[in-house]
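In: test case, fold it:
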Amino acid sequence: MRPDSAPLRAGGSDDGSLFIRFLTWVTGNKTLATVICCLVMIGFVVVDAALWSGKVIHWACSYVGENRRPFGPCLPTARPSTVSSKPDEPKVRAEQTHSDPRRELKDGMGIDWSEENFWKAVARGDERATALFLRDGMTISSQQLHAVLSDRVGVKRAALHQLVEMGRTRNAEFCSSDDDAGPSSKPLAAHRTVLRFADYAKDEQVSQFVQKFCGSSAIVDALNRHLAVESNRVTSVEQVNARNQKSQSECLARFLTDPAFVRYRDVIRGAASRGCRRDEIKDELERSLCLHPFPFVQQTNAYGNVLGREFHYEPGVRDFCAKKFPVRAVDRSKRDELASAIALFRPADSTTEPTVKPPYVAKSTPSRPGFVADGWTAAGVYSDGVWSSRLLSFAATIKPEDLPGLVVTPMQLPGNNLRADPPRFAGDRGKEIGELDVGVQLEIGAVHTVPSTTTGISVWVAVRKILR
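Out: This is a model prediction of the structure:
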């Protein structure tokens, strides 16, 4: 027996020598060594495969979890000590997405970032889209905002609330105007005039938006400046009209009163054939009358033969006086709109109680002593110290109680109606007993007032004719 193959003795003294002797024995047996090497290599392959399979399963579980599909190896186990934070990850990603308004508009609502799309969202009342545009700094165009507010139908659904809450400081230009910037060769755009605020005041929803978006003080100051200019214009026209009305009455009285009536009629008739003679004319007014074209009407017999021309003197005189001293229509609409807008946009004074005017009761002034009236006729409508309409030729500055004693004439064609009694209530007219032609002189003896059907009081006067 070889020494290396001798059996081990019990109670060997050295473990290291035993391991060396074992390796020597294994390596000496080639078959056994080959088997052991194969087993070791197989073990390495199995371990490596197990490690790779774990990675594959982890990737598969991640994919399945994101797509919410069931997969056996990915089902949760019953280990209570394991806490996963993966379910919260989609929320974090969603919050990061929503923090970008432009991305939310594009990905969540399919809306591109543009000023046109912003105003479309405002017009259709899309508050979410409007808020996202404003959150990302969208400015507010004065012209576009004016267009939205001017659409009386579409503005009912517009997202005005978001503009007030988030865009109040985005456009100071809208709350101002160019009217006070001095004369300009170009007309002002509609969205830059003060008068647009008077238009806004006509709609309750629009006026409330403007009050919140702009405040009131700057608007009221601008409106007050324009109201002063417009009031002066109206007053100037009324004063000119009052003077011309008086001149008209004097003109009619001069050329239609006997015995001057015959002389002037003959002068005009003669002027039609031989022209105006200097020795027949006394002043410039008569010269103007002489040069005025008077109407002639051809006279024919039953057979159609022309017999001559009939001279219409009185209609010609009335036409001359009206053109010589014209009375223009007074447009008070702009002044009234400005006043209404100021009353609406004026800041409320909480310390002042609103004053409520008592209802107006019909009343009459006593007639002048010895005055016998032919009847009653309408003088006009008086409201807050201003005549909103006048039918007789008295000055616009005269108060109703100062009318008795004045001599006036009807102003508007075809004239006034003469009533037996004054009205008893708003809208009442009384019994008609005649007509008062334009140009006839009337003396006022008493005044009667009743509430108007619109605003203010309706003024009626007792009159008697001076020229019959």
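
In: quick one: the strands in the stretch 251-400 of the chain?
Out: 296-300, 306-311, 363-364, 375-383, 386-390 (DSSP state E, counting those that start in this stretch).

In: which one of those has the lowest average pLDDT?
Out: For those, the weakest mean pLDDT is recorded on strand 306-311, namely a mean of 60.

In: number of nearby residues for V40?
Out: 10 (other Cβ atoms under 10 Å). Every residue, glycine included, has its C-beta placed from N, CA and C.

In: what helix or strand does it sit in?
Out: helix 30-67 (DSSP states H and E).

In: pLDDT value on D428, please?
Out: We have a pLDDT of 68 for D428.

In: again, but for A362
Out: pLDDT, A362: 56.

In: so I281 sits against C290, correct?
Out: Yes. Assessed by Cβ atoms under 8 Å, I281 is found in contact with C290 at 6.1 Å.

In: identify the contacts common to these two.
Out: V267 (Cβ atoms under 8 Å, 6 or more residues apart in numbering).

In: so for these two, which residue has more residues nearby?
Out: The neighbour comparison of I281 against C290 (other Cβ under 10 Å) goes to C290, with 20 against 17.

In: what's the burial count for the residue lying closest to that one once chain neighbours are set aside?
Out: Spatially, and ignoring its direct neighbours in sequence, C290 is nearest to C276 (3.9 Å; Cβ to Cβ, 6 or more residues apart in numbering). Neighbour count for C276, taken as other Cβ under 10 Å: 16.

In: elements contacting the helix or strand where E250 lies?
Out: Assigned by DSSP H and E, E250 belongs to helix 217-255. Packing partners of helix 217-255 (3 or more Cβ pairs under 8 Å, 6 or more residues apart in numbering; DSSP states H and E): helix 195-200, helix 260-274, helix 284-291, helix 313-324, helix 333-345.

In: recalculate using a threshold of 7 Å.
Out: Applying 3 or more Cβ pairs under 7 Å, 6 or more residues apart in numbering; DSSP states H and E, we find helix 217-255 packed against helix 313-324, helix 333-345.

In: out of the ones you listed, which is closest to R157?
Out: Checking the helices and strands packed on helix 217-255 against R157 by Cβ to Cβ gives helix 333-345 as the closest, at 23.0 Å.

In: model confidence for the residue nearest to C290, exactly?
Out: 75.

In: D107: neighbouring residues, count only.
Out: 12.

In: next: V122.
Out: 27.

In: tell me how far I111 lies from D126.
Out: I111 sits 9 Å away from D126, going by Cβ to Cβ, to the nearest Å.

In: again but with R225, I slipped
Out: R225 sits at a distance of 38 Å from D126 (criterion: Cβ to Cβ).

In: okay, these two: which has more neighbours?
Out: In this view R225 and D126 are compared by other Cβ under 10 Å, and D126 has more residues nearby, 21 against 14.

In: check whether V407 really touches E443, as I assumed.
Out: Yes. Under the criterion of Cβ atoms under 7 Å, V407 makes contact with E443 at 5.4 Å.

In: what about the two, which has more around it?
Out: Legend: neighbour count by other Cβ under 10 Å for V407 and E443, higher for E443 (19 against 15).

In: who's the closest residue to E432 other than its chain neighbours bridged to?
Out: Using Cβ to Cβ, 6+ apart and skipping residues adjacent in sequence, the residue nearest E432 is N417, 5.3 Å away. Counting by DSSP bridges, N417 is bridged to E435.

In: helix or strand right after the helix or strand of the chain with the lowest mean pLDDT?
Out: Least confident helix or strand, the chain: helix 89-98 with a mean of 43, by mean pLDDT, DSSP states H and E. For helix 89-98, the following helix or strand on the C-terminal side (DSSP H and E) is helix 101-103.

In: next, the buried residues of that following helix.
Out: Along helix 101-103, these residues count as buried under the neighbour rule (16 or more other Cβ atoms under 10 Å): P101.

In: quick check: mean pLDDT across it?
Out: Summarised as a single mean, pLDDT over helix 101-103 is 88.

In: what does stretch 341-349 give?
Out: Here stretch 341-349 scores 76 as its mean pLDDT.

In: what lies in contact with that stretch?
Out: When contacts are defined by Cβ atoms under 7 Å, 6 or more residues apart in numbering, stretch 341-349 is touched by residues 197-198, 201, 207, 211, 216-217, 219-220, 223-224, 227.

In: next, the buried residues of that stretch.
Out: Using 16+ other Cβ under 10 Å as the test for burial, stretch 341-349 gives 341-342, 344-345.
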